[in-house]
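Trainee: I need the structure of the sequence given here:
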Amino acid sequence: MSELDRRRFLQNFLGGVAATGMFAGICGAKPLWAQTLDNRDVPDVLKKPIPSTGEMIPAVGMGSWITFNVGNDQELRDQCASVMSVFFAAGGKMIDSSPMYGSAQDVIGYGLDKLGARGRVFATDKVWTSDDGAAQIAQSTARWDIDRFDLLQVHNLLRINDNLSILFDMKDAGKLRYVGVTTSHGRRTDDVIAVMKKESLDFVQVTYNPVDRKVEQYLLPLAQERGIGVIVNRPFRGGSLIDRLQGEALPGFADEIGAKSWAQVILKFLISHPGVTCPIPATTQPSHAAENMAAAKGPLPDDEMRERIAAMIGLL
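Mentor: Residues are numbered from 1 along each chain as shown. Coordinates of the predicted model:
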């Protein structure tokens, strides 16, 4: 990470910590990354069922693309652990990563260790190789420093047949709980649909937000029909959607669903769809982790309000 990028990360992070009043010096407590967490569920957090098993999972998770790729910088690693601390304390469980995300896997493993949070996480990762998938999975497991993953996905359908075979064999052997596939940016939605029809998947991961709605046409109904969970990546279009809405007044109906920010409006739009299991917004700021998790509390928009949300965001 360049010095300029590091300064920007620190500015964003410290601004988020200040906004939440979480400096150790303010309250006399340990820094967030040094605090351990218990395994109790947070009340009132909306949970949604994983269709293939009925297991309930909090309706908002967290991604790690770019945000956790901080290398070996100790200060930044501790700051990422603080983001994780807020996420878990607010009721979050699913954290998603990939071998292609630089140091993100190592940083997640570091945070889990510092927080004593291995019992809290729904560990989600990917296999992303045209070579030895089993070796890559072993390396990812070591980087997270966990016994096994809850969910592994074939990233961007790479070497789909061979890698899916590895994952299904792991699941049959009790070394993996769930199997999925991923795509993003709407690039290969039709290919994902073809795999959904052919394979007994537990999850798919796709891009979806109030602007990118292609998956509503066929993929989400198919997922409901076949009992496949849907993880949503790029819910904020990599942050550009939030940037676009910056300074725009929230609609009056946001109060009806308890939304205090555009991020919460968007997340409530997503999790209100019956075919969506869990969006995974990424962040560098503890305050945003708390804000995102708060979207999994309170009322959700009905179909009519969902259309109003999409129409309004589309016009701004």
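Trainee: all strands for this structure, in order.
Mentor: Taking DSSP state E, the strands of the chain run over residues 47-49, 56-58, 94-96, 122-127, 151-154, 178-182, 203-207, 229-233, 278-279.
Trainee: which of those sits most buried?
Mentor: strand 278-279 (a mean of 28; mean count of other CB atoms under 10 Å). All C-beta atoms are positioned from the backbone trio N, CA, C, and that covers glycine.
Trainee: partners of that strand in the sheet?
Mentor: Each strand paired with strand 278-279, and its direction, by DSSP bridges: strand 229-233 (parallel).
Trainee: what inclination does the partner strand have with respect to strand 203-207?
Mentor: 30 degrees (axes from the mean of the first three to the mean of the last three CA atoms, to 10 degrees).
Trainee: tell me the angle strand 229-233 makes with strand 178-182.
Mentor: 40 degrees.
Trainee: can you check the pLDDT for the closest residue to residue 265 other than its chain neighbours?
Mentor: Nearest residue to residue 265, sequence neighbours excluded (CB to CB, 6 or more residues apart in numbering): residue 259, at 4.6 Å. pLDDT for residue 259: 98.
Trainee: going forward, the N-terminal residue is numbered 300.
Mentor: In the new count, where the first residue is 300, that last one comes out as residue 558.
Trainee: all helices for this protein, in order.
Mentor: For the chain, applying DSSP state H gives helices covering 302-319, 323-326, 373-388, 403-414, 432-443, 459-471, 488-497, 518-525, 539-544, 561-570, 585-593, 602-614.
Trainee: so where's the stretch 500-615 of the chain uncertain?
Mentor: Within the stretch 500-615 of the chain, no stretch has pLDDT under 70.
Trainee: can you give me the neighbour number for the closest residue to residue 490 other than its chain neighbours?
Mentor: Among residues not flanking residue 490 along the chain, residue 456 sits closest, at 5.8 Å (CB to CB, 6+ apart). Neighbours of residue 456 under the rule other CB atoms under 10 Å: 19.
Trainee: any idea how far residue 541 is from residue 456?
Mentor: Going from residue 456 to residue 541 by CB to CB, to the nearest Å gives 28 Å.
Trainee: take the strands of the chain and lay them out in a markdown table including distance to residue 414.
Mentor: Listed next are the strands of the chain as a markdown table, based on distance: least, CB to CB, whole Å:
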| stretch | distance to residue 414 |
| --- | --- |
| strand 346-348 | 21 |
| strand 355-357 | 17 |
| strand 393-395 | 12 |
| strand 421-426 | 14 |
| strand 450-453 | 20 |
| strand 477-481 | 23 |
| strand 502-506 | 25 |
| strand 528-532 | 23 |
| strand 577-578 | 21 |
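Trainee: closest one to residue 600 among these?
Mentor: strand 577-578 (14.3 Å; CB to CB).
Trainee: residues in contact with that closest one?
Mentor: Strand 577-578 has contacts (CB atoms under 8 Å, 6 or more residues apart in numbering) with 347, 356-360, 393, 507, 528-532, 534, 566, 569-570.
Trainee: give me every residue that touches the residue nearest the centre of the chain.
Mentor: In the chain, the residue lying closest to the centroid (CA atoms, centre = their mean) is residue 579, at 2.1 Å. Listed by CB under 8 Å, 6+ apart, the contact set of residue 579 reads 360-362, 393, 395, 504, 530-532, 534.
Trainee: next, it: phi, psi?
Mentor: The phi/psi pair for residue 579 (degrees, to the nearest 10) reads phi -130, psi 70.
Trainee: next, work out how far apart it and residue 356 are.
Mentor: 12 Å.
Trainee: again, but for residue 502
Mentor: 11 Å.
Trainee: now do residue 460
Mentor: Residue 460 is 28 Å from residue 356, by CB to CB.
Trainee: residues contacting residue 349?
Mentor: Going by CB under 8 Å, 6+ apart, residue 349 touches 355-356, 477, 501-502, 528, 576.
Trainee: can you do 10 Å?
Mentor: 355-356, 421, 449-450, 476-477, 501-502, 526-528, 576-577 (CB atoms under 10 Å, 6 or more residues apart in numbering).
Trainee: what about it, distance to residue 436?
Mentor: In terms of CB to CB, residue 349 sits 21 Å off from residue 436.
Trainee: partner residues bridging the closest residue to residue 360 other than its chain neighbours?
Mentor: With CB to CB, 6+ apart as the criterion, residue 360 has its nearest non-adjacent residue at 3.2 Å, and that residue is residue 393. Listed beta-bridge partners, residue 393: residue 421 (assigned using DSSP bridges).
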